[in-house]
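Trainee: Below: sequence and its predicted model.
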Amino acid sequence: MMETGVPPATTADRLLGAALDAFAGRGYEATSLDDIASACDVRKQTLLYHYPSKDILLGAVIDHTVHELAEPLRRAAVGAPNRARAVVDALFRIGANRPELLELVREVLRLGPPASDRLLASAGPFLDQLASGMPREKVLGAGAMILGMATEVDVLAAVGVAPNLAGLRRRRRALLAYLAD
């Protein structure tokens, strides 16, 4: 067996990852704890040992998602001559490489309180840091635009329209103009 230097994922981490994928892909209500346990090849009682309820599991997924989003965005913003452009581009990269993170944010916002309150409380300090003087409403509006763009590919595919790079570039320019306004 080859050593990779990467520690194996704990059961709790595997459950968290499975829940993130399921909540983002199928939605919170459509996902059962049995589905998540099955995806990790563990019994439901094992899941409940780590996460005593579906709401507690959702809270852990929300916190994990905020952390996963915050780190690359912070790195992009540090020292960038144009912070808004750097953060927008980093979000597009996240959307391309880890779309489930943005899909989870969309799902949590759709659920409303208390899940959306948890998301905003968890992301609040990070959003304030990124905004650096920009009104929070503008940052949240830009986030909504990015969530829409990130999920647009799925919507277009569902109606048989292939998204194109020119359209994405046009929407990116509009987003940057909105932030500069």
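Mentor: Perfect, thanks for sending it. Numbers count the residues shown, from 1 in each chain.
Trainee: quick one: stretch 73-84 to chain centroid distance?
Mentor: 19 Å (Cα atoms, centre = their mean, to the nearest Å).
Trainee: typo on my end, stretch 33-50
Mentor: 22 Å.
Trainee: What separates the first and last residues of that stretch, distance-wise?
Mentor: 12 Å (Cα to Cα, to the nearest Å).
Trainee: and it, which residues are buried?
Mentor: 33, 36, 37, 39, 40, 42, 47, 50 (16 or more other Cβ atoms under 10 Å). (Each C-beta comes from the backbone N, C-alpha and C, glycine too.)
Trainee: Which of the helices or strands spans residue 27?
Mentor: In the assignment (DSSP states H and E), residue 27 maps to no helix and no strand.
Trainee: Thought residue 172 was touching residue 92, still the case?
Mentor: Yes - between residue 92 and residue 172 a contact is recorded at 7.0 Å, counting by Cβ atoms under 8 Å.
Trainee: what is in contact with the two at once?
Mentor: When contacts are counted by Cβ atoms under 8 Å, 6 or more residues apart in numbering, residue 92 and residue 172 have residue 149 as shared neighbours.
Trainee: can you list the weak-confidence ranges in the protein?
Mentor: For the chain, applying pLDDT under 70 flags the ranges 1-8, 132-133, 136, 150-151, 153-155.
Trainee: switch the cut-off to 80
Mentor: Scanning the chain for pLDDT under 80 picks out the ranges 1-8, 83-84, 92, 96, 126-144, 146-158, 161-165, 167-168, 179-181.
Trainee: what about the helices in it?
Mentor: Assigned by DSSP state H, the chain shows helices spanning 11-25, 33-39, 44-50, 54-77, 83-97, 99-111, 115-131, 136-158, 165-180.
Trainee: picking up where we left off before, could I get the buried residues of stretch 33-50 as a markdown table with distance to residue 79?
Mentor: Listed next are these as a markdown table, based on distance: Cβ to Cβ, whole Å:
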| residue | distance to residue 79 |
| --- | --- |
| 33 | 44 |
| 36 | 40 |
| 37 | 44 |
| 39 | 40 |
| 40 | 40 |
| 42 | 43 |
| 47 | 42 |
| 50 | 39 |
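Trainee: Fine, thanks again, bye for now.
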